[in-house]
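In: how would this look folded up:
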Amino acid sequence: MIQVTGDIAAGRIFDELIQADGSPRPGAHSLLKFFQELSPDVLADKVSALDAMIKSQGISFLVYSDSANIDRSWPLDLVPRVMRESEWRQTEVGLKQRLKALNMFLNDIYNEQAILQDGIVPRELILNSPHYISMAANIKPPFETWAHICGSDLVRDHMGQLFVLEDNLRVPSGVSYMLENRSVMKQVYPELFRHQQILPVSQYASDLLDMLNALSPRPVDHPVIVVLTPGIFNSAYFEHSYLAQQIGAELVQGSDLFVDSDDCVYMKAVEGVSRVDVIYRRIDDTFMDPECLNPESTLGVPGLMRAWRAGKVAIANAPGSGVADDKVLYAYVPEIIKYYLGEDALLSNVPTYLCSDPDDQAYVLEHLHELVVKPADASGGYGILVGPHASDEELVARRAEILENPRVWIAQPTLALSTTLTVTEDGDLAPRHVDLRPFVLQSSEQWCSTGGLCRVALKEGSLVVNSSQGGGSKDFWVIADGETR
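Out: Numbering: from 1, shown residues only. Below is the predicted model:
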């Protein structure tokens, strides 16, 4: 029997594979038995084989630093995380509910603004948001859907309850690594896949293509779809090129596109030009169109907003959808779901304190050493302060930052995130904290990935799972309910 830590045994930490008494969780029996019987030498060989495969396939990510941009091999851990299908299906329904309500919210604030008039969400929170694009007002895109792709980060507390930690609606990334993780693991672990009923993730590319095709403004059998990337120096460039290849789209930069006098978007190529129907954009709103947004942008396409407003091209995610990505707005999502759907949220939020609220701010400043404090507009784990792990100097500095500009900070309790077995630097197996980012698609209907990108904090005790901050990833297995061992 695999030994458990004191925190797991005492119920202070929920482990995804091992119960408090040391026995496997349902669906994890075969997996844990496999690792129990694996000698240290064979485990090391498996790790080496996995690392070599990642390097040979060029699976990488870019880390920005002060001195240089570093291209690193993708850090995939050997031990997958598992979840039973019955729990996953419940989670999937909650994720779809969330995106449906957020799209209704976006369509409302750019049109009737009923939720603002009714005081459910503060008007100034939306209209003063850096992601609110006034040029998107009075537009109703196809299916009244603005956020076509959403990656919501899920965490589990010590009681085993899943929470949504945040929603990613601007340019959500990571799905290519979900797909590549599965591909690599199948090659390293063929014996495990033969004896486990693991639901596939490969359908995602087909679902993504169906979603994008449905957005086409022209009734053609094969709409022209492009993936708009900032270029090779972007941290997610691997994903941009990977997804373009998977769905048969052209990978383009802003300089490859132009808008004509009829407000149609065209792609330049050696053989001539072709009209573009759908743009899966992987650049931020601000840089999309130097004609009306950031005039200094060299990444976008002059006139792109005109073409979109004229209905001549579809853009996923739609311009302005980043309003719903704000971590301050996140605190209102349960109310948003209730307002538009008349339902309680199926997935709970983590309790969130808004530093712009006087009472919340007073609480945060008094309990700064206990809380996780985040910038409302950042991603990638940048700017996060974990109070219990912070130095006195860091706490003093964050206090000053909150007082100087309270709107840009939120705080949440320091959750005891769930753990799962992970290969350590010493070649041992030990629990490390994890989260999960599933992906939901929406246009004419909704689709959800069968699982998601599981991220893991590789450092003992760390709660920061982002790869840019030293975290790694795991394959995530949804085990069919018929699997008992």
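
In: distance check, R84 against V201.
Out: As for R84, its distance to V201 is 16 Å (criterion: CB to CB, to the nearest Å). C-betas here are computed from N, CA, C, even on glycine.

In: repeat for L341
Out: Separation of L341 from V201 (CB to CB): 28 Å.

In: neighbour count: these two, which is higher?
Out: V201 (23 against 14; other CB atoms under 10 Å).

In: SS state for the more buried one?
Out: The three-state label for V201, taken from DSSP: H, G, I helix; E, B strand; the rest coil, comes out as coil.

In: for it, list the residues it contacts.
Out: For V201, the contacting residues are M178, L179, R182, S449, T450, G451, by CB atoms under 8 Å, 6 or more residues apart in numbering.

In: quick check: phi and psi on it?
Out: With angles defined as degrees, to the nearest 10, V201 sits at phi -110, psi 0.

In: related to what we said a few turns ago, so which of the contacts of V201 is the closest to Q97?
Out: Checking these against Q97 by CB to CB gives S449 as the nearest, at 15.9 Å.

In: any idea which helix or strand carries the closest one?
Out: Following DSSP states H and E, one finds S449 within strand 446-456.

In: can you name every helix or strand that the very next helix or strand once past that strand contacts?
Out: Going down the chain from strand 446-456, the next helix or strand is strand 472-474, by DSSP H and E. Using 3 or more CB pairs under 8 Å, 6 or more residues apart in numbering; DSSP states H and E as the contact test, the elements touching strand 472-474 are helix 175-188, strand 419-423, strand 446-456.

In: rerun at 7 Å
Out: If contacts are counted by 3 or more CB pairs under 7 Å, 6 or more residues apart in numbering; DSSP states H and E, strand 472-474 sits against strand 446-456.

In: paired strands for the strand it packs on, with orientation please.
Out: Using DSSP bridges, strand 446-456 pairs in its sheet with strand 429-442 (antiparallel), strand 472-474 (antiparallel).

In: in a markdown table: these, plus distance to R407.
Out: Converted to a markdown table, the strands paired with strand 446-456 look like this (distance: least, CB to CB, whole Å):
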| stretch | distance to R407 |
| --- | --- |
| strand 429-442 | 26 |
| strand 472-474 | 33 |
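
In: enumerate every residue touching R309.
Out: Counting by CB atoms under 7 Å, 6 or more residues apart in numbering, R309 touches I139.

In: from T352, how far out is it?
Out: R309 sits 34 Å away from T352, taking CB to CB as the criterion.

In: equivalent analysis for V224, please.
Out: Using CB to CB, V224 is found at 42 Å from T352.

In: does M83 really touch V478, like I thought?
Out: Yes - between M83 and V478 a contact is recorded at 5.7 Å, counting by CB atoms under 7 Å.

In: okay, Q97: pLDDT?
Out: Q97 is assigned 98 on the pLDDT scale.

In: now it: which helix or strand?
Out: Using DSSP H and E, Q97 falls within helix 85-109.

In: which strands or helices does that helix pack on?
Out: Identification of packing neighbours for helix 85-109 by 3+ CB pairs under 7 Å, 6+ apart yields helix 114-117, strand 149-156, strand 162-168, helix 333-341, strand 429-442, strand 446-456, strand 476-479.

In: relative to helix 333-341, how tilted is it?
Out: Helix 85-109 and helix 333-341 meet at an angle of 70 degrees, taking axes from the mean of the first three to the mean of the last three CA atoms, to 10 degrees as the criterion.

In: any low-confidence regions in the stretch 351-485 of the chain?
Out: Applying pLDDT under 70 to the stretch 351-485 of the chain flags residues 379-381, 483-485.

In: quick check: domain ranges of the protein?
Out: Segmentation of the chain into domains, based on automatic domain parsing, reads 6-198+327-347+415-479, 218-312, 351-413.

In: need the ones you listed in a markdown table (columns: distance to P319).
Out: Output for these, formatted as a markdown table (distance: least, CB to CB, whole Å):
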| stretch | distance to P319 |
| --- | --- |
| domain 6-198+327-347+415-479 | 5 |
| domain 218-312 | 6 |
| domain 351-413 | 17 |
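
In: now do the strands in the stretch 201-350 of the chain.
Out: For the stretch 201-350 of the chain, strands defined by DSSP state E, counting those that start in this stretch occupy the ranges 225-228, 250-252, 257-259, 265-269, 272-275, 278-281, 314-316, 348-349.

In: who does the fifth one pair with, and is each partner parallel or antiparallel?
Out: The partner list of strand 272-275 in its sheet, established with DSSP bridges, is strand 265-269 (antiparallel).

In: which outside residues touch the strand it pairs with?
Out: 226, 250, 252, 256-260, 273-276, 301, 304, 307, 312-313.

In: let's see that with 8 Å instead.
Out: Outside strand 265-269, the residues that touch it by CB under 8 Å, 6+ apart are 224, 226, 250, 252, 256-260, 273-276, 279, 301, 304, 307, 312-313.

In: list only buried entries from those.
Out: Neighbour counting with 16 or more other CB atoms under 10 Å marks 224, 226, 250, 252, 256-259, 276, 279, 301, 304, 307, 312-313 as buried within the contacts of strand 265-269.

In: okay, buried residues for stretch 219-238 please.
Out: Here stretch 219-238 shows 223-230, 234-238 as buried, counting by 16+ other CB under 10 Å.

In: now the residue nearest to the spatial centre of the chain, nearest residue through space, not along the chain?
Out: Closest to where the C-alpha atoms of the chain average out (CA atoms, centre = their mean) is G151, at 3.5 Å. Excluding its sequence neighbours, the residue lying closest to G151 (CB to CB, 6 or more residues apart in numbering) is P172, at 3.5 Å.

In: wait, the one you found sits on I149?
Out: Yes - judged on CB atoms under 8 Å, P172 makes contact with I149 at a distance of 5.7 Å.

In: between these two, what contacts are shared?
Out: Both P172 and I149 are in contact with F439, where contact means CB under 8 Å, 6+ apart.

In: residues contacting stretch 210-218, please?
Out: Counting by CB under 8 Å, 6+ apart, 141-143, 148-149, 223, 225, 247, 249, 275, 277-278, 280, 311-314, 316, 441-444, 447 sit against stretch 210-218.

In: buried members of those residues into PyMOL, please.
Out: Here is the PyMOL command that selects only those of these that count as buried (16+ other CB under 10 Å):
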select buried, resi 141+142+148+149+223+225+247+249+277+278+280+312+313+314+316+441+442+443+447
